[in-house]
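# What follows is a predicted structure for the sequence shown.
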Amino acid sequence: MASPMISHKELERLANLRSDEGVLSVYLKIDPRLGYDRGQAVAKFKGGLSRFQRTADDDQLAVAEREKDRVLSFLEQGLPRGRSLAIFSSQPSDIWEVVPLDVMVPTSVSVDTTTSTSLLMQVLDEHPRFVVAVVQRDRAAIYTSQQRTADKEAEIESAVPGRHDQGGWAQARFQRHIEFHVERHLKKVVDEIEKLFYERPFNRLVVGGSEEAVNELIGMLPDPLSRRVVGTFPVDLKHQTEEEVLDQARQVLREEERRSEEDLIKQIVSSAESGGRGAAGIESTISAVSEGRVHVLAVADGVTTGGFACQRCDYLSAQEFGRCPVCGGDGEPIPDVIERAMEKAYSTGARVEIVFGEAREWLLARGGLGAVLRY
Ligand SMILES: [Zn+2]
């Protein structure tokens, strides 16, 4: 089953769309329990729009007013499937993009001279494509998963003699016979994972199953794959459904994600404080973004702040400036400088990492923004 999901390439394309006439960005959370009825989406859009109108300036209001009927008439035709929906619209610049998503994002409406794609980055960051191998001594299944969906890539079944039907064999010899078959089975599983890896490389592999089979399989993985194992989990195939098993795998991945976020923030803070390749705090991180020096941008989930952008070269700052220090162009206020910094970092090839939990608290204590620098 093909799943609607967004690739890095597609996200880059969307993030680079811009219009001096203003772009309306709309995110709608869809509740599948309410069905895909038109009323739901229209009501959510109107709610998001009126929240936006309370804080927007006159220029932004005019853009929303210009684009809203187009969005409404689209929503009135019915909803695409999914848990949420992103829409970007700017009629003067011929921008019209509809992106269905398999994960929930909060409903929001915003206007800027670029598409607002930080929520999409968050979706990709929090739901990376990963591979799950579920192994038993005679059975295995391999899945790729992203967002809320998973595709079964391979199923392997091997005839392995059971431990109980010992026949007339001597115990030790029989045991070796079984081990030979188990090993041959696991080798087939390794081959399938390798095949998948060379077709469509992935960075994360989660292995579930009986403890014995999991350990043996991991021991057999060649180097580029063994370094991609992010965690393991026990599976009881008799009592667990496929969906429960995959949920467990996602949980393993989330925990690993939280751990690596904590490592990232520790690295950023210690290198920033020792004058190394790290920046912590809004102003120093944003100037590193503007200079193209950011390798990994770390953003505390939910942090936003207004700022200023150069109309000519897109130089960003959280502080007000009338004249751009880089090109002398005019500075203009922008609703969310963090969002713009994320997009800029992303389009210059940096990784954007949104951090949650403990890592988020540490980063918030330093302004909510930080980076690992290239130089
Ligand atoms: Zn400038």
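Cool, the structure landed. Being a predicted model, the structure only gives us computed values, none of them experimental.

# For D31, grab the count of nearby residues.
When counting by other Cβ atoms under 10 Å, one arrives at 12 neighbours for D31. C-betas here are computed from N, CA, C, even on glycine.

# before we move on, what about V131?
Using other Cβ under 10 Å, V131 has 24 neighbouring residues.

# And S260, by the same measure?
S260: 14 surrounding residues under other Cβ under 10 Å.

# Need the pLDDT of G35.
At G35, the model reports a pLDDT of 62.

# same deal with the one 3 residues further on?
According to the model's per-residue confidence, R38 sits at a pLDDT of 69.

# Tell me if I'm right that S290 and Y315 touch.
Yes - counting by Cβ atoms under 8 Å, S290 touches Y315, with 5.2 Å between them.

# Now the common contact residues for the two.
Common contacts of S290 and Y315 (Cβ atoms under 8 Å, 6 or more residues apart in numbering): V326.

# Next, the residue in the stretch 101-250 of the chain that the ion sits nearest to: phi, psi?
The ion sits closest to T113 of the stretch 101-250 of the chain, with a gap of 14.0 Å, by Cβ to the ion. Backbone torsions for T113, taken as degrees, to the nearest 10, come to phi -80, psi 0.

# so what's it up against?
Applying Cβ under 8 Å, 6+ apart, we find T113 in contact with 18-20, 22-23.

# do D247 as well
With contact set as Cβ under 8 Å, 6+ apart, D247 has no partners.

# State the distance from it to V111.
For D247, the distance to V111 (Cβ to Cβ, to the nearest Å) stands at 38 Å.

# again, but for L217
For L217, the distance to V111 equals 51 Å [Cβ to Cβ].

# and if you look at F233?
Noted for F233: a distance of 44 Å to V111, by Cβ to Cβ.

# before we move on, the earlier item: top of the contacts of T113 by neighbour count?
When neighbours are counted by other Cβ under 10 Å, V23 leads these with 24 neighbours.

# That one is in contact with I87, isn't it?
No - if you go by Cβ under 8 Å, V23 and I87 don't touch, sitting 10.4 Å apart.

# Need the overlap of contacts for those two.
Between them, V23 and I87 share no contacting residue under Cβ under 8 Å, 6+ apart.

# S317: how many residues sit nearby?
Neighbours around S317, by other Cβ under 10 Å: 21.

# now the strands for the stretch 1-150 of the chain?
Listed in chain order, the strands of the stretch 1-150 of the chain (DSSP state E, counting those that start in this stretch) span 18-29, 84-90, 95-101, 108-114, 130-135, 139-146, 149-157.

# Figure out which of these is closest to D301.
Ranking the strands of the stretch 1-150 of the chain by proximity to D301 (Cβ to Cβ) places strand 108-114 first, at 14.2 Å.

# and that closest one, what's its mean pLDDT?
Average pLDDT, strand 108-114: 92.

# Then stretch 121-140?
For stretch 121-140, the mean confidence score works out to 86.

# same question, stretch 258-276
Summarised as a single mean, pLDDT over stretch 258-276 is 94.

# List the buried residues for that stretch?
Buried residues in stretch 258-276, defined by neighbour count with 16 or more other Cβ atoms under 10 Å: 258, 261-262, 264-265, 267-269, 271-272.

# now the end-to-end length of stretch 132-152.
Stretch 132-152 has its terminal residues 9 Å apart, counting by Cα to Cα, to the nearest Å.

# roughly how far out does it sit from the chain middle?
Mean-position distance between stretch 132-152 and its chain equals 20 Å (Cα atoms, centre = their mean, to the nearest Å).

# One more: stretch 232-246?
Computed by Cα atoms, centre = their mean, the chain-centroid distance of stretch 232-246 equals 24 Å.

# got the contact list for that stretch?
Residues outside stretch 232-246 that contact it (Cβ under 8 Å, 6+ apart) are 132, 134, 136, 139, 141, 143, 145, 150, 206-211, 214, 218, 248-249, 251-252.

# Now with 7 Å, please.
In this structure, residues lying in contact with stretch 232-246 by Cβ atoms under 7 Å, 6 or more residues apart in numbering are 132, 134, 136, 143, 145, 150, 207-209, 211, 214, 248-249, 252.

# List the buried residues of that stretch.
Using 16+ other Cβ under 10 Å as the test for burial, stretch 232-246 gives 232-233, 235, 240, 245-246.

# shaky segments in this structure?
For the chain, the stretches with pLDDT under 70 are 1-5, 32-38, 147, 163-170.

# Which residues of it lie near the ion?
Proximity of the chain to the ion, by Cβ under 5 Å from the ion, involves residues 310, 312-313, 315, 324, 326-327, 329.

# Filter those residues down to just the buried residues.
Among those, the ones that count as buried (16+ other Cβ under 10 Å) are 310, 315, 324, 329.

# Contacts only, for the first one.
In this case it means C310. Counting by Cβ under 7 Å, 6+ apart, C310 makes contact with 324, 326-327, 329, 331.

# Any of the contacts of stretch 232-246 buried? List them.
132, 134, 136, 143, 145, 150, 207-209, 214, 248-249, 252.

# Output the residues you listed in CSV; the columns should cover distance to D31.
Listed next are the buried ones among the contacts of stretch 232-246 as CSV, based on distance: Cβ to Cβ, whole Å:
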residue, distance to D31
V132, 28
V134, 31
Q136, 37
Y143, 27
S145, 23
A150, 22
V207, 34
G208, 31
G209, 35
V214, 37
Q248, 25
A249, 26
V252, 28
